[in-house]
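S.K.: I need the structure of the sequence given here:
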Amino acid sequence: MPEIKIVTEVAGRVCALPVEIGRSVGDGDDIVFVEAMKMEIPVASPAAGRLKSILVSLDDVVAEGQVLAIIET
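M.R.: Residues are numbered from 1 along each chain as shown. You can find the predicted model right below:
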């Protein structure tokens with residue numbers, strides 16, 4: 001199965017992980033929320049599939065362009 005990496009477009013702190021590994025996700029579903037500039041910014045899935053792995057934990061500080069999760073399509 002092809003894998004798609006989900007990356008953040010902003011640097012900040014991981015403040016929510018609403019989807020569990022193994023769950024199905026739809027195109028545009030929010031996978032991770034990153035707090036930046038006092039706002040919670042959703043990082044959405046670019047395609048439908050199954051969440052294979054989450055590479056960050058709550059309160060981790062992430063950089064712009066960092067891979068946060070991987071989905072299988």
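S.K.: alpha carbons only for contacts and neighbour counts from here, please
M.R.: OK.
S.K.: Break down this structure into its strands, ranges please.
M.R.: For the chain, the strands defined by DSSP state E cover 3-7, 12-16, 24-25, 30-36, 39-44, 49-54, 61-62, 67-72.
S.K.: What strands flank the fourth one, and is each parallel or antiparallel?
M.R.: Under the criterion DSSP bridges, strand 30-36 sits next to strand 12-16 (antiparallel), strand 39-44 (antiparallel) in its sheet.
S.K.: what pLDDT, on average, does the last one get?
M.R.: Along strand 39-44, the predicted local confidence has a mean pLDDT of 97.
S.K.: buried sites along it?
M.R.: Buried residues in strand 39-44, counted by 16 or more other C-alpha atoms under 10 Å: 40-44.
S.K.: Using CSV, write out every CA atom in that strand.
M.R.: Presented in CSV, the C-alpha positions along strand 39-44 are these (Å, rounded to 0.1, in the frame of the first residue of the first chain):
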residue,chain,number,x,y,z
MET,A,39,-4.0,29.5,17.8
GLU,A,40,-4.8,25.8,17.3
ILE,A,41,-3.9,25.0,13.7
PRO,A,42,-5.3,21.7,12.2
VAL,A,43,-3.1,19.5,10.1
ALA,A,44,-5.3,17.5,7.8
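S.K.: and it, how far out from the chain's middle?
M.R.: Put simply, strand 39-44 sits 9 Å off its chain's centre (C-alpha atoms, centre = their mean, to the nearest Å).
S.K.: and it with strand 67-72, angle?
M.R.: 30 degrees (axes from the mean of the first three to the mean of the last three C-alpha atoms, to 10 degrees).
S.K.: Equivalent analysis for the first one, please.
M.R.: Interaxial angle of strand 12-16 relative to strand 67-72 (the same axes, to 10 degrees): 50 degrees.
S.K.: All set now, cheers.
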